[in-house]
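**Q** Turn this into a structure:
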Amino acid sequence: MRESKSIAVVGISRESHKISRKIASFLSEVGYDVVGVNPSFGDEYAGGIKVYKSISDIPHDVDIINVFRRSEDIPGIIDEVLIKNPKVLWLQQGIRNDLAVKPIIEKGIVTIQDECIFVQYNYCKSIKNIK
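**A** Reported below is the predicted structural model:
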């Protein structure tokens, strides 16, 4: 996360109280260039975060694709992730699909499953402050 600058949040919600929206807003507030992906949005904003219909619609590179979708939905985004070629595919806490992410891993994209990006950001920050 230290080397990353841009994050796409797949599954960002319109509703500000949902965790995907809260984490996207947090990541934006701490300095990441954050965009959202949600096919039901269209060309809109969620709390100041630009939202695209698909990963393919994002007009620039992203370092991390952070996913808030059910485990069984992961196969549906794999082709777009492979084309976008981020440094990291991050599946949020509770999301895991070993079979679906196999081509991502084989391509050399770092793959994190079943981990919360917010928790890991804060953990890394606290470790840095201890040193």
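
**Q** wouldn't Ser13 be in contact with Ser20 here?
**A** Yes - under the criterion of Cβ atoms under 8 Å, Ser13 makes contact with Ser20 at 4.9 Å. C-beta: built from backbone N, CA, C; applies to glycine.

**Q** shared neighbours of those two, which are they?
**A** Phe68 (Cβ atoms under 8 Å, 6 or more residues apart in numbering).

**Q** how about Val37, what does it touch?
**A** For Val37, the contact set (Cβ under 8 Å, 6+ apart) comprises Ala8, Val9, Val10, Gly11, Ile12, Val51, Tyr52, Lys53, Ser54, Ile55, Asp57, Ile58.

**Q** no wait, Phe41
**A** Ile12, Arg14, Val51, Tyr52, Lys53.

**Q** at 10 Å instead, please
**A** Taking Cβ atoms under 10 Å, 6 or more residues apart in numbering as the criterion, Phe41 is in contact with Ile12, Ser13, Arg14, Lys50, Val51, Tyr52, Lys53.

**Q** just Tyr121 next, same as before
**A** So Tyr121 contacts Met1, Arg2, Ile23, Phe26, Leu27, Val30, Tyr32 (Cβ under 10 Å, 6+ apart).

**Q** how about a cut-off of 6 Å?
**A** Met1 (Cβ atoms under 6 Å, 6 or more residues apart in numbering).

**Q** Need the pLDDT of it.
**A** For Tyr121, the pLDDT comes out at 79.

**Q** so which of the contacts of Val37 comes closest to Gln113?
**A** Distance to Gln113, by Cβ to Cβ, is smallest for Val10 among these, at 14.0 Å.

**Q** now the closest one, which residues is it bridged with?
**A** Val37, Val67 (DSSP bridges).

**Q** residue ranges for the strands of the protein, please.
**A** Using DSSP state E, the strands of the chain run over 6-10, 33-37, 44-46, 49-52, 64-67, 88-91, 110-112.
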